[in-house]
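Trainee: Let's see this in three dimensions:
(one chain, ligands or ions: 1)
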Amino acid sequence: MAFESLSDKLQNVFKNLRGKGRLSEEDVKAALKEVKMALLEADVNFKVVKNFVKTVQERAIGADVMNGLNPGQMVIKIVNEELTNLMGSETTEIAYRPGQQITVIMMVGLQGAGKTTTTAKLAGHVKKKGKKPLLVACDVYRPAAITQLQINGEKQGVPVFSMGDKNKPADIAKASIEHAKKNGFNVVILDTAGRLHIDEGMMDELVEIKESVDVAQTLLVVDAMTGQDAVNVAGTFDEKIGIDGVVLTKLDGDTRGGAALSIRAVTGKPILFCGMGEKLDDLEQFYPDRMASRILG
Ligand code: GDP
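Mentor: Numbers count the residues shown, from 1 in each chain. All right, here's what the predicted structure looks like:
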């Protein structure tokens, strides 16, 4: 299960705090030292951990906590609130364009992150919101990717626009908008090509697609299991092409938590959804407060 080790460690720290009754400044500091270790072991970004502990400590050593009736509970409440803040405090939805305008969502990410699966999952989510989505196959390098999108699109009852693998992705994207206009689709979701690693060619192509159509939102798909690598990938994609948010996949696995807890704080970009399995309905909206409560057990 995700965050299992982090959860266990934090619960241990808090069990000790709860048992103490009154807390001294030293008690709080010692507890936060353990919280710090637990977060670092969960692969949370070092700077994020440092700031987090500093903020919690400043709040916890305030008079309210020390003189409160239940200081242990207060410290736990502060940790919960600050964990929530780390992940963005509010839930972020897709920002749909108003009226008849087409909302173009561009999906980007490294190969294997779960981009094509997530794209189809998202199409289902968009459809449930009462929109008319169109999926677009812009990955022209892997014929299997086009087939995968077509199969998944069919399962979701969402049409897939494809021009095979002989056209430039930017041209396919442009043509798909015309197709959407003519056929009454109001959300266009572009599945773009990923590579195993970040490379200039891939970034240039993504920039070209972004320049050729009016993209409302660029969502980066990253694998939660890759921890700080996911955070670095997010930083690079944002720098090179600009991203508006992140979808964190494979949160059903035994990820330690580093990506979920660092991405927002490091890149400033919210997590919109998380992938909770391989099936096409395994996509959940990301709620920072629920995630924090889940981590704290
Ligand atoms: P892409 O190369 O980024 O397009 O990745 P794919 O969509 O082909 O996914 C790569 C693998 O990850 C596939 O086996 C997917 O079934 C799997 N996958 C994607 N999202 C999730 C998820 O949220 N949880 C789990 N357990 N597997 C996922």
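Trainee: next structured bit after the lowest-mean-pLDDT helix or strand in the chain?
Mentor: Within the chain, no helix or strand scores below helix 63-67, which has a mean of 62 by mean pLDDT, DSSP states H and E. Sequence-wise, the next helix or strand downstream of helix 63-67 (DSSP states H and E) is helix 71-86.
Trainee: Can you tell me the closest non-neighbouring residue to the residue of the chain found nearest the ligand?
Mentor: Proximity of the chain to the ligand (Cβ to the nearest ligand atom) peaks at residue 275, 2.4 Å away. All C-beta spots, glycine's among them, are computed from the backbone N, C-alpha and C. Residue nearest to residue 275 in three dimensions, not counting chain neighbours: residue 249, with 3.5 Å by Cβ to Cβ, 6 or more residues apart in numbering.
Trainee: Surely that neighbour touches residue 220?
Mentor: No - using Cβ atoms under 8 Å, residue 249 is not in contact with residue 220, being 10.8 Å away.
Trainee: Who has more neighbours out of those two?
Mentor: residue 249 (32 against 27; other Cβ atoms under 10 Å).
Trainee: which residues pair with the residue nearest to residue 275 across the strands?
Mentor: residue 223 (DSSP bridges).
Trainee: show me what contacts it?
Mentor: Neighbouring residues of residue 249 by Cβ atoms under 8 Å, 6 or more residues apart in numbering: 113-114, 117-118, 221-224, 274-275.
Trainee: likewise residue 194?
Mentor: Residue 194 neighbours (Cβ under 8 Å, 6+ apart): 108-113, 115, 139, 202.
Trainee: which stretches of this structure form helices?
Mentor: Counting by DSSP state H, the segments of the chain that form helices are 4-18, 25-41, 46-60, 63-67, 71-86, 115-128, 143-156, 169-183, 200-212, 228-240, 258-267, 288-296.
Trainee: sorry, back to before: let's see if you can find the most crowded of the contacts of residue 249.
Mentor: residue 222 (29 neighbours).
Trainee: Can you pull the residues of the stretch 151-297 of the chain lying near the ligand?
Mentor: 194, 249-250, 252-253, 275-278, 282 (Cβ under 6 Å from any ligand atom).
Trainee: Please convert the residues you listed to JSON lines, extending it with pLDDT.
Mentor: Converted to JSON lines, these look like this (pLDDT from 0 to 100):
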{"residue": "194", "pLDDT": "88"}
{"residue": "249", "pLDDT": "97"}
{"residue": "250", "pLDDT": "96"}
{"residue": "252", "pLDDT": "93"}
{"residue": "253", "pLDDT": "90"}
{"residue": "275", "pLDDT": "97"}
{"residue": "276", "pLDDT": "96"}
{"residue": "277", "pLDDT": "97"}
{"residue": "278", "pLDDT": "97"}
{"residue": "282", "pLDDT": "97"}
